[in-house]
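> Sequence and computational prediction follow.
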Amino acid sequence: MPVAEQAALPDAGIPSPLSHRRETVTGTCRSPLFCGRPHTVGGHQPSSIAFALRAPRALTWGIQMMKFPRRRFLHLATGAAALPAVSRVAWPQTYPSRPVRIIVPFPAGQATDSIARLMGQSLSERLGQAFVVENRTGAGGNIGTEAVVRAPPDGYTLLLAGLSSATNATLYKKLNFDFIQDIAPVASIAGGPYVMVINPSVPAKTVPEFIVYAKANPGKINMASSGNGSVSHVFGELFKMMAGADLVHVPYRGGYVPDLLGGQTQVVFGTIASCIQLISAGKLRALAVTTAMRSTALPDVPVMGESVPGYEASQWYGLGAPRNTPAEVIDKLNKEINAVAADPNMKARLDGLGVDPMSMTSAEFGKFIADETEKWGKVIRAANIKAE
């Protein structure tokens, strides 16, 4: 035991290991552990040399501990064992004590980024610490996700997750992480539909009319998307399978809107936020929203399930954290996020993005993610979708 540690031991009936006695015995030294300086006897060197033996500190401490009152020892041990529990109770009370990062795995300006900034601002106001949005883009969102997976599990690095987080689990064959296993669900934030829109040149005003037209023109209708495996792509593939429509998928790395307006592509499953003004201006025709309920932003547009029974697809957003983040921290964040989502001002701002508040416990959110991963994994495998 270091001297500094020994000096700091409490004076609770414990003899200090520094206060050991010097014992003198006569004998021949056979071990370097106990060898001391030889003493003369009467000015002569005796054949049997006396040595001043000093017992090692560790042995002295062990002997003294055996004399330590058992009741006193158990009392101190019980107090020490209680320390982690006290720390666990204090953790959520002091969290957060410094800024928190929200990693967004997509570029600034997209719905994912906007929702992260809205939530970050509200959490900063409620918890008194900055929630800073950091965009870590690339590989379909996998770079940002992996950054959170590798972060310390202390609640100070969070992931703005969405449907693409779940689809990537099947779409990418060689990831360095397992999204469901390595990201702890914290809280859902919002969810909402996409909208199926067509160029007005297509002679269809309803989904059934479009299906009839598509079947009469197999392989002649182009379906645009934001890229292979994107949300717009998998929503379109589910429609193709369930409606029996032969549409040609055309992935775009940039925006597809110019070609959709120009008639080079005829149909797309797009976000309400990106399409609503074009719908209002008559430049695009909305046929259906993809959720089971109508959208408050497009109340006159029917749901897809009315024409294609069983069809349901929604985009969603939520926060995740590295695996092994303390449950107390996750519970605190879940409570605060649900409170923010219930605020009328937040609901109004989410409406502007074409989504509605979606509140769940962390356990419910985890089950929801698992179900979504399984559902869209089947679509990706059935359509043989490959990552770009």
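Received, thanks. Numbering: from 1, shown residues only.
> Run the chain-centre distance for stretch 175-189.
Taking C-alpha atoms, centre = their mean, to the nearest Å, one finds the center of stretch 175-189 at 5 Å from the center of the full chain.
> and that stretch, which residues are buried?
Neighbour-count burial for stretch 175-189, counted by 16 or more other C-beta atoms under 10 Å, picks out 175, 177, 179, 180, 182, 183, 184, 185, 186, 187, 188, 189. Placement of C-beta: from N, CA and C, glycine included.
> cool, stretch 208-218 as well?
210, 211, 213, 214.
> Tell me the gap between that stretch and the middle of its chain.
That offset, for stretch 208-218, works out to 42 Å (C-alpha atoms, centre = their mean).
> Output it as CSV, nothing but the C-alphas.
C-alpha atoms of stretch 208-218 as CSV (Å, rounded to 0.1, in the frame of the first residue of the first chain):
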residue,chain,number,x,y,z
PRO,A,208,-57.3,2.6,-58.7
GLU,A,209,-57.2,4.5,-61.9
PHE,A,210,-53.4,4.7,-61.7
ILE,A,211,-53.1,0.9,-61.1
VAL,A,212,-55.3,0.3,-64.2
TYR,A,213,-53.1,2.6,-66.2
ALA,A,214,-49.9,1.1,-65.0
LYS,A,215,-51.0,-2.5,-65.7
ALA,A,216,-52.0,-1.3,-69.2
ASN,A,217,-48.5,0.1,-69.7
PRO,A,218,-46.1,-2.3,-68.0
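> Now do the contacts for residue 296.
Residues near residue 296 by C-beta atoms under 8 Å, 6 or more residues apart in numbering: 351, 356.
> So which of the buried residues of stretch 175-189 belong to helices?
179, 180, 182 (DSSP state H).
> Output these as JSON lines; include the columns pLDDT.
As requested, these are arranged in JSON lines below (pLDDT from 0 to 100):
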{"residue": "179", "pLDDT": "97"}
{"residue": "180", "pLDDT": "96"}
{"residue": "182", "pLDDT": "98"}
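> Residue 263 against residue 198, yeah?
No: in this structure residue 263 lies outside contact range of residue 198 using C-beta atoms under 8 Å: 10.3 Å.
> Show me how the record splits this structure into domains.
Per automatic domain parsing, the structural domains of the chain span 3-68, 96-190+318-382, 194-306.
> thinking again about what came up before, ok, so of the ones in helices among the buried residues of stretch 175-189, who is nearest residue 330?
Nearest to residue 330 out of these is residue 182 (C-beta to C-beta; 14.6 Å).
> on that earlier part again, between residue 263 and residue 198, which one's more packed in?
residue 198 (22 against 12; other C-beta atoms under 10 Å).
> quick one, phi psi at that one?
Backbone geometry at residue 198, expressed as degrees, to the nearest 10, gives phi -130, psi 160.
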